[in-house]
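Asks: The following comprises the amino acid sequence and a computationally predicted model.
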Amino acid sequence: MSRKTSRRQCGSARRKARALGATAFMVAGTAGVTLGAVTPSSAATPNGLVSRVSKAAHKFTIALVPGLTTDPFYITMERGAAAEAKKLGVTLTWQGGTTFSPESQLPVVNSLLAEHPSALLIAPTDDVALKAPIQKFLSAGIPVISVDTTLTDTSILDARITSDNFQGGELAAETIAKLAHYTGQVAVDNVNPGISTTDARQAGFLAQIKKYPKMSVAAVEYNTDSPTLAASQTKDMVLKFPKLVGIFGTNLYGAQGAGEAIASAGKKGKIFVAGYDAEPATVKLLQSGVINVLVIQQPAVEGADGVKYAYDILTGHKSAVPKATLVPNIVATTANSHNPNITKYYYQSSLAALAG
């Protein structure tokens, strides 16, 4: 969720992928940072099987179910997945709900099972509620890979791909601390508990702030994905905590609401706002200084890796697929928001054409 936010896994392994400091993280090729020893999924197919695998690929249908269909994060993920599907000669389908909720996603997932795709890529909107429906796919012999968000019980999945959300939270905290000269109070405006990605972002932020002796956490709020509620909560915090110097909105809506409330209160440049995801609306807020820091994920990489891993599993190369993949983040600030090295990571708002 984008966020969307997305949950909570890979504690010690996550630290292996971390690099402290508000610096950009780069990815070579389509693969992210993988956990554990793996064989590259692009390993050559034995020569005698190349033509047969190529022909068989056209029979594969990989279904991508995003957290919601209208979000530029997931739209950008679809574009990356579509490009990889075209390269591999497989069919990609795209179905999902229009809100980030299990109530919206479950009917789509249940209906999709009857279509029996070759593999399922899914961003679960709840880390518990989606387990039973996903288990039905696995019981039907359909490989399942989670992208962005995941389940509490990841053992049932063939693979999972997500941004390093804990590290992203750390970077948000570090950058706010630097802007505030490492002194003052900060707050978190999260979505809801139980979303694996945003839970991890919050945990990373809180852990990093503890490293600064002159800084403390004033409050943690939950905005139920409402920028209006996030703005109201921020107004209350500004009045209640005079030493407040920063707010971390763990997704688009938290950062948007917080940033607009800070600007309305005349605190722009005094209370710094960090957010997540480079969606068009958020980028405008970053460039205008309403939001000061953005942690940018690479959803196109997640989508491409998901298709590639599904293809490897379907063509008998499951051993080449890492069980868990962390895709590193890019950090943007208002100061570098127009830099081409940053703008190339901004999200897209139109879907790629799907051929099949």
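Replies: Nice, thanks for sending it over.
Asks: I'd say residue 175 and residue 273 touch.
Replies: No. Under the criterion of Cβ atoms under 8 Å, residue 175 lies out of contact with residue 273, with a separation of 10.8 Å. Any C-beta I mention is one placed from the backbone N, CA and C, and that applies to glycine too.
Asks: Which residue of the two possesses the greater neighbour count?
Replies: residue 273 (32 against 24; other Cβ atoms under 10 Å).
Asks: Assumed that one was part of a strand.
Replies: Yes. Under DSSP: H, G, I helix; E, B strand; the rest coil, residue 273 falls within a strand.
Asks: Any idea what it is bridged to?
Replies: Beta-bridge pairing for residue 273 (DSSP bridges): residue 247.
Asks: I'd say it and residue 250 touch.
Replies: No. Using Cβ under 8 Å as the test, residue 273 is too far from residue 250 to be in contact (11.8 Å).
Asks: after the helix or strand harbouring residue 219 comes which helix or strand?
Replies: Residue 219 is part of strand 215-222, with elements assigned from DSSP states H and E. With elements assigned by DSSP H and E, the helix or strand that comes after strand 215-222 is helix 227-240.
Asks: what mean pLDDT would you report for that following helix?
Replies: Averaged over helix 227-240, pLDDT sits at 97.
Asks: Run through who's touching it.
Replies: 187, 189, 218-219, 221, 223, 244, 247, 249, 253-258, 260-262, 264-265, 267, 271 (Cβ atoms under 8 Å, 6 or more residues apart in numbering).
Asks: tell me which residues in it are buried?
Replies: 227, 229-231, 233-235, 237-238 (16 or more other Cβ atoms under 10 Å).
Asks: how much does it deviate in direction from strand 215-222?
Replies: 140 degrees (axes from the mean of the first three to the mean of the last three Cα atoms, to 10 degrees).
Asks: and helix 227-240, C-alpha only, in CSV?
Replies: Extracted in CSV, the C-alpha atoms of helix 227-240 (Å, rounded to 0.1, in the frame of the first residue of the first chain):
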residue,chain,number,x,y,z
PRO,A,227,-6.4,11.9,5.5
THR,A,228,-9.2,13.9,7.2
LEU,A,229,-8.7,11.9,10.4
ALA,A,230,-4.9,12.2,10.1
ALA,A,231,-5.2,16.0,9.8
SER,A,232,-7.5,16.1,12.8
GLN,A,233,-5.1,14.0,14.8
THR,A,234,-2.2,16.2,13.8
LYS,A,235,-3.9,19.4,14.8
ASP,A,236,-4.5,17.9,18.2
MET,A,237,-0.9,16.8,18.6
VAL,A,238,0.4,20.2,17.6
LEU,A,239,-1.6,21.7,20.4
LYS,A,240,-0.8,19.0,22.9
